[in-house]
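*Asks:* Quick one: sequence plus predicted model below, questions after.
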Amino acid sequence: MTKWKVWLIIATVLASGIVIGSVGTQFYFKHTFRGILHQGPVAVRKVIMKKLTAELNLTKDQQEEVQDILEETQFQLQQLRTRYHPEMEEIINDGVATMKTRLTAEQQKKLDALYEKVKMRWRLKRSMRENLK
């Protein structure tokens, strides 16, 4: 076998490994994080607790105390999110309206459709969070 064929085989094997590793990593993160986000605050708390317990070597008593702190923190963040959601949505609506002034009529229709899909996902996530509480 000639030298260039050996290098071609090595390059092909390396490229295949990179592609397979990249796709595998993307698949793993996509399913791991999507699952956590769809399961809501309880799943997020579990992940945080697992990481803190391992990294800080928490005792059982500490785990219970930290768990309570995490629950309270999540509750406060949810209250903040609820309080500021209308204002945030108004800012986003203003941004979309400003974008539309720079688009053609066809692009505006597409943007409206995209924005409706996003709002539907937000509503779905919000209802899922409320159901998981």
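*Replies:* That came in fine, so what should we check first? Numbering: from 1, shown residues only.
*Asks:* Pop the domain breakdown of the chain in here.
*Replies:* Here the domain parsing of the chain from automatic domain parsing is 1-39, 40-132.
*Asks:* what mean pLDDT would you report for the longest one?
*Replies:* Right, domain 40-132. The predicted model assigns domain 40-132 a mean pLDDT of 89.
*Asks:* follow-up on the earlier one: include mean neighbour count when you put the domains of the chain into JSON lines, please.
*Replies:* Placement of C-beta: from N, CA and C, glycine included. Listed next are those as JSON lines, based on neighbours: other Cβ atoms under 10 Å:
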{"stretch": "domain 1-39", "mean neighbour count": "10"}
{"stretch": "domain 40-132", "mean neighbour count": "12"}
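*Asks:* Which residues does stretch 52-67 contact?
*Replies:* For stretch 52-67, the surrounding residues in contact (Cβ atoms under 8 Å, 6 or more residues apart in numbering) are Arg45, Met49.
*Asks:* Can you name the element that comes right after the helix or strand containing Gln63?
*Replies:* Take DSSP states H and E as the rule and Gln63 turns out to sit in helix 60-100. Next along the chain after helix 60-100, taking DSSP H and E as the criterion, comes helix 105-132.
*Asks:* Now do Ile18 against Ile10, distance only.
*Replies:* 13 Å (Cβ to Cβ, to the nearest Å).
*Asks:* What of Leu111?
*Replies:* For Leu111, the distance to Ile10 (Cβ to Cβ) stands at 48 Å.
*Asks:* Ok, Asn93 next?
*Replies:* According to Cβ to Cβ, Asn93 and Ile10 sit 55 Å apart.
*Asks:* Could you do Gln76 as well?
*Replies:* Applying Cβ to Cβ to Gln76 and Ile10 gives a distance of 56 Å.
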